[in-house]
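S.K.: The following block contains a protein sequence and its predicted model.
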Amino acid sequence: MAFASSRRRVLRAAAAAAIAPSLLARAASTAAKSITVAQIVDVSTAQQDVSKDMLIGSRAAWQDINAKGGIHGWQIKHTTFDVDGTAASLQAAVRSAVQDPVCVAISATAGERAALEVVNQLRGLNAPIAHVAPWLQNSNVDIDERTFPIFAARQEQLSHSLRVLTEQGVQEVGLIFATDTEYKLYRDEFDRIGQNLKFKMRNFPPLGEVAQIGRKLTPDTPAILVFVGGTPEIISFMQGMEAQQRQRYLVALADVNLQTLNQLGGNRKTPVIGTQVVPVLSSPVNVVRQYRAVLGKFFDEPPTPLSLAGFIAARYTADVLEGINGVPTRPNVLAAFQRRELMDVGGFRVSYSPQRRSAGFVAQSMLTADGRMIS
């Protein structure tokens, strides 16, 4: 019995030894046919609304791409780094992505502050890795040779929204900053935008809770107010405006989700003009139809402009990777993006300016006082 037991162990060991090289070779082959695309998302309270939606859209796109065979047979490992908004957590995430030898790009960084910090971190590290389609709304940022923003910055958004108001003779708008952080980060940018658009920009710094700003508006406050902040903050601000008698219009930039705003309420007396940097969700263009189908297949989540942005970011990243011959390595991926070629991502046009920004698609919707959405 002891001999038989010993013999079985020897035979199992021999069989395992014979099989092991085959398994190792197969594993090595599988590993060799996958590359990593990293996504850095800020899950702090102030940024999580944007980040959550962009992450969902990107995940849906990459899952669909892999289900269809990947890119030239290469599977894409979509690695997510959650950060808490602090410089230390962002630095750790960037270093992890850069130190991963099979990570060929960082795609769809969200939200705004994380995107700006990743630009700074990569510049400081002088890391030769492509930073693709970040949620980089700040129009003051100098774009370097490793950063590839495809969504319109705030200047294009405001220019689109305020163009009609200029024709109507409006010359002054109020700027409502949700927090002291937004005020410090973006005040100079908006001053410059105002000069470029020939608008007088009247700043309303934060006064603690943003609802207090709404309550303290005076009759001479401009009728057009541009809100700088996210969806929860604009809801609080509108609730603070409930006692106001004067009719005003709010301009909300792309960080605000009008669908959520409509569901959760606010001040129903105030129409909201919302800008978005992707096609409206009812658009018949191919990328919107693909997004809605893929999102419904992989996630039980409602369509939103921000998750569509994440989807487009991933699709643009994949389209550039598709154009690479041979093994997609970090250097040739970066070189492919640096060509900044005109691309059509299912009807969403990516065309870079001399300032290395995309041409700046902007759509606009209005949430009326009675809750109707007009695109």
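M.R.: Received it, and whenever you're ready, just let me know what you need. Here the structure is a predicted model, which means the values were calculated and not measured.
S.K.: Check the gap between the residue positioned nearest the centre of the chain and Ile150 for me.
M.R.: Nearest to the geometric centre of the chain sits Trp135, at 3.9 Å (C-alpha atoms, centre = their mean). Trp135 is 10 Å from Ile150, where distance means C-beta to C-beta, to the nearest Å. Backbone N, C-alpha and C define where each C-beta goes, glycine included.
S.K.: Please apply the same query to Leu197.
M.R.: 23 Å.
S.K.: For Met79, give me the backbone phi and psi.
M.R.: Careful, residue 79 is Thr and not Met. Note on Thr79: its backbone torsions stand at phi -100, psi 130 [degrees, to the nearest 10].
S.K.: For it, list the residues it contacts.
M.R.: 36-39, 97, 100, 103 (C-beta atoms under 8 Å, 6 or more residues apart in numbering).
S.K.: Look up which residues are beta-bridged to it.
M.R.: Beta-bridge pairing of Thr79 under DSSP bridges involves Ala38.
S.K.: What ranges in the stretch 251-375 of the chain fall below the confidence cut-off?
M.R.: Applying pLDDT under 70 to the stretch 251-375 of the chain flags the ranges 265-268.
S.K.: how far does stretch 192-204 sit from the chain's center?
M.R.: Centre-to-centre, stretch 192-204 and its host chain are 26 Å apart (C-alpha atoms, centre = their mean, to the nearest Å).
S.K.: just the CA coordinates of that stretch, formatted as PDB?
M.R.: Provided in PDB are the C-alpha atoms of stretch 192-204 (Å, rounded to 0.1, in the frame of the first residue of the first chain):
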ATOM      1  CA  ARG A 192      -9.200  85.700 -19.300                       C
ATOM      2  CA  ILE A 193     -12.300  84.000 -21.000                       C
ATOM      3  CA  GLY A 194     -14.300  87.100 -20.200                       C
ATOM      4  CA  GLN A 195     -11.700  89.300 -21.900                       C
ATOM      5  CA  ASN A 196     -11.600  87.100 -24.900                       C
ATOM      6  CA  LEU A 197     -15.400  87.000 -25.300                       C
ATOM      7  CA  LYS A 198     -15.700  90.700 -24.400                       C
ATOM      8  CA  PHE A 199     -18.000  90.000 -21.500                       C
ATOM      9  CA  LYS A 200     -17.800  91.600 -18.100                       C
ATOM     10  CA  MET A 201     -17.400  88.700 -15.600                       C
ATOM     11  CA  ARG A 202     -18.700  89.500 -12.100                       C
ATOM     12  CA  ASN A 203     -17.300  87.000  -9.500                       C
ATOM     13  CA  PHE A 204     -19.400  85.700  -6.600                       C
END
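S.K.: Among the contacts of Thr79, name the buried ones.
M.R.: The neighbour-count test (16 or more other C-beta atoms under 10 Å) marks 36-39, 97, 103 as buried among these.
S.K.: among the contacts of Thr79, which two are most distant?
M.R.: Pairwise distances among the contacts of Thr79 were taken by C-beta to C-beta; the largest, 12.7 Å, belongs to Gln39 and Asp100.
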